[in-house]
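Peer 1: only the shape, not the letters, is given here:
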């Protein structure tokens, strides 16, 4: 699609959702700091769903939802201003479905920020619910902020890179690292089962496959160092039984992990890949998902 053929950036407006829970507050604090660091405006959104999913809601129910939205948004705006006094903060109450509210507000150049799990609204259940729907269908970067908050900065941005489809994720991770004065760790994991038995001939030369994957990732890193010499870059190539497990473990030493969101076109099953799901569930730091370009 022509609309996808553009370079994503992380210098546009920041859009964060809130439902008044502590998980949402963590997302608001992260979004406020991010907006201030890129000198971009912050919009705090509360989805009431009064026009979607609540067909039996009475007129009084609608009014209560609006009153609650006013309270929740005022609290979130105050929190954002305390976190980042210089940030330009606006609020909006949206009556539609959550994904529509957040992605509509983000437009083509924004970044959407959500928490992992709340008690209602679009943060209700990350697993299989609205936040995952946002991540699965967004054409802009999406940041998912976990429950645990790091007290001290690790000084490292982590990015998962396997092949050319991850080029944009690597580029965005380098931009974040440079803006934060952090090191960039490019993490490549390849998988091969030790006991493939009679299927061994299907895999050809396992060592050759590993070398090919490592070489492709190394080319991405070489391109990055040539194009963006600013951040300190390291490249780790790891052989593991589970790419998801080793990547989740690596997030314990990072301030942010960036992943190119590999999506499945099949109408059956999850839209996001299993590695992305695992990292969203278990990462120790915020996760930035960047949609893979339609060109790749």
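Peer 2: Sure thing, it's come through. Given the structure is predicted, the values throughout are model-derived calculations rather than measurements.
Peer 1: and the longest helix along the chain, which residues are buried?
Peer 2: The longest helix of the chain (DSSP state H) is helix 59-83. Neighbour-count burial for helix 59-83, counted by 16 or more other CB atoms under 10 Å, picks out 65, 68-69, 72-73, 75-77, 79-80, 83. Bear in mind the C-beta positions are built from the backbone N, C-alpha and C, glycine included.
Peer 1: that one: how far from the chain's middle?
Peer 2: When distances are taken as CA atoms, centre = their mean, to the nearest Å, helix 59-83 is centred 25 Å away from the chain's centroid.
Peer 1: burial count for residue 7?
Peer 2: 8 (other CB atoms under 10 Å).
Peer 1: what pLDDT does it get?
Peer 2: What the model reports as pLDDT for residue 7 is 70.
Peer 1: wait, residue 17 touches residue 94, no?
Peer 2: No - Residue 17 is not in contact with residue 94 according to CB atoms under 8 Å; the separation is 9.4 Å.
Peer 1: which one of these two is surrounded by more residues?
Peer 2: residue 17 (30 against 22).
Peer 1: quick revisit: and the buried residues of helix 59-83 as CSV, adding distance to residue 141 and pLDDT?
Peer 2: Output for those, formatted as CSV (distance: CB to CB, whole Å; pLDDT from 0 to 100):
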residue, distance to residue 141, pLDDT
65, 29, 87
68, 29, 92
69, 26, 94
72, 24, 97
73, 23, 98
75, 26, 98
76, 21, 98
77, 23, 98
79, 22, 98
80, 19, 98
83, 20, 97
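Peer 1: residue 186 pairs with what?
Peer 2: Here residue 186 sits in beta bridges with residue 159, residue 235, as judged by DSSP bridges.
Peer 1: then residue 291?
Peer 2: Going by DSSP bridges, residue 291 forms beta bridges with residue 261.
Peer 1: surely it is in contact with residue 276?
Peer 2: No - applying CB under 8 Å, one finds residue 291 not in contact with residue 276, separated by 11.1 Å.
Peer 1: which residues are common contacts for those two?
Peer 2: Shared contacts of residue 291 and residue 276, defined by CB atoms under 8 Å, 6 or more residues apart in numbering, comprise residue 261.
Peer 1: comparing the two, which residue is more hemmed in?
Peer 2: Per other CB under 10 Å, whichever of residue 291 and residue 276 has more neighbours is residue 276, with 24 against 21.
Peer 1: how close does that one get to residue 32?
Peer 2: 26 Å (CB to CB, to the nearest Å).
Peer 1: and what of residue 143?
Peer 2: 12 Å.
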